[in-house]
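S.K.: Only the shape, not the letters, is given here:
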């Protein structure tokens, strides 16, 4: 049985690549514009050819023969946390670039059999659903069968983070679509708790601590009173996450923005989650290499922008299963 190959657009640090690779797919090519993400990607995906450039400069002929094309295209235009401008935001037009590349790849007889897209859950309801209607229409114009579902990391990935994302799987082959069923990707029990990911006893550098010299210290001290709980600091108030999981990690955490994840450790110190802990809360491997030359703010941003690897893996496994079933029938008919 053949091994399927994939290329990824908006690759980031390679979370989608990790998930598909763990499902048996070979990542052969990727594109990312952020030079700092490229450093992390290259260290951890050494066999994948990475093109560091704006997607607008990428041509369909640049992408090698593949079966699957993935794209975690920019989510800020559709995010509740952002201004929700959608296609009025230039980043929202990155979807148009994906469609352009699909058209160019088709001319080169390299139209992806599977197109896998990821975004914030608000994409589905943005502009009263009009935005998603446009996306579906553009995909269907290109003969793709579209199946989407919103999955929460803590429910489908056994990772203790509350993170809802829409995953869109597009099938060029009707048999692949028929063989794929979201119902096969069911909720699973969360056994990988925050206590197993976050180390409340860790000796950490002072830069991660909130001490008396911080202007927000008194507010934090008053509200952060429980161990084994992750808190959010939202500039003027602090909120405890009562569900026993980490709140959604965001790209602006650790960079002066809101949603900074904090804990009260077992030494009664208030500290930020470590960059490594944030990556683990996205389901990245424990041995993932964090580039030494990157400052913490870069790593926090990368973790917040990333996908939850175990969720991607589960969906990728179902995609691969569907493709293999189709190919097996095709091979049997040839005999």
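M.R.: Done, it's in. Since this is a predicted model, take the numbers as computed values, not measurements.
S.K.: before we move on, which element is the spatially closest residue to residue 125 that is not a sequence neighbour in?
M.R.: Leaving out its chain neighbours, the residue that sits closest to residue 125 by CB to CB, 6 or more residues apart in numbering is residue 132, at 7.7 Å. Just so you know, the C-beta spots here come from the backbone N, C-alpha and C atoms, and that holds for glycine as well. Assigning secondary structure by DSSP states H and E places residue 132 in helix 130-141.
S.K.: try residue 29
M.R.: strand 26-32.
S.K.: Which SSE is immediately downstream of that strand?
M.R.: Per DSSP H and E, the first helix or strand lying C-terminal to strand 26-32 is helix 35-44.
S.K.: about what we covered before: run a quick neighbour tally on the residue nearest to residue 125.
M.R.: 22 (other CB atoms under 10 Å).
S.K.: Read off the pLDDT value for the residue nearest to residue 291 when sequence neighbours are not counted.
M.R.: Of all residues not flanking residue 291 in the chain, residue 39 sits nearest, at 4.9 Å (CB to CB, 6+ apart). Residue 39 carries a pLDDT value of 98.
S.K.: I'd like the numbering to begin with 832 instead of 1 from here.
M.R.: Let's use 832 as the start, then, which means that last one is residue 870.
S.K.: partners of the strand holding residue 860, with directions?
M.R.: Partners of strand 857-863 in the sheet, by DSSP bridges, are strand 836-840 (parallel), strand 880-883 (parallel).
S.K.: Tell me which of these sits most buried.
M.R.: strand 836-840 (a mean of 24; mean count of other CB atoms under 10 Å).
S.K.: wait, what's in contact with the closest residue to residue 1103 other than its chain neighbours?
M.R.: In space, and not counting its chain neighbours, residue 1103 is closest to residue 1039: 4.9 Å by CB to CB, 6+ apart. Residues near residue 1039 by CB atoms under 8 Å, 6 or more residues apart in numbering: 1102, 1103, 1105.
S.K.: burial measure for the first one, as a count.
M.R.: Other residues within reach of residue 1102, judged by other CB under 10 Å, total 22.
S.K.: next one: the one 5 residues further on
M.R.: Using other CB under 10 Å, residue 1107 has 17 neighbouring residues.
S.K.: which residues touch it?
M.R.: residue 1121.
S.K.: and it, what element?
M.R.: Using DSSP H and E, residue 1107 falls in helix 1106-1111.
S.K.: Following element in sequence after that helix, please.
M.R.: Next in line after helix 1106-1111, if elements are assigned by DSSP H and E, sits helix 1127-1136.
S.K.: What helices and strands are in contact with that next one?
M.R.: Applying 3 or more CB pairs under 8 Å, 6 or more residues apart in numbering; DSSP states H and E, one finds that helix 1127-1136 makes contact with helix 866-875, helix 1106-1111.
S.K.: hang on, the earlier thing: and the angle for the strand holding residue 860 with helix 866-875?
M.R.: Orientation of strand 857-863 against helix 866-875 (axes from the mean of the first three to the mean of the last three CA atoms, to 10 degrees) gives an angle of 160 degrees.
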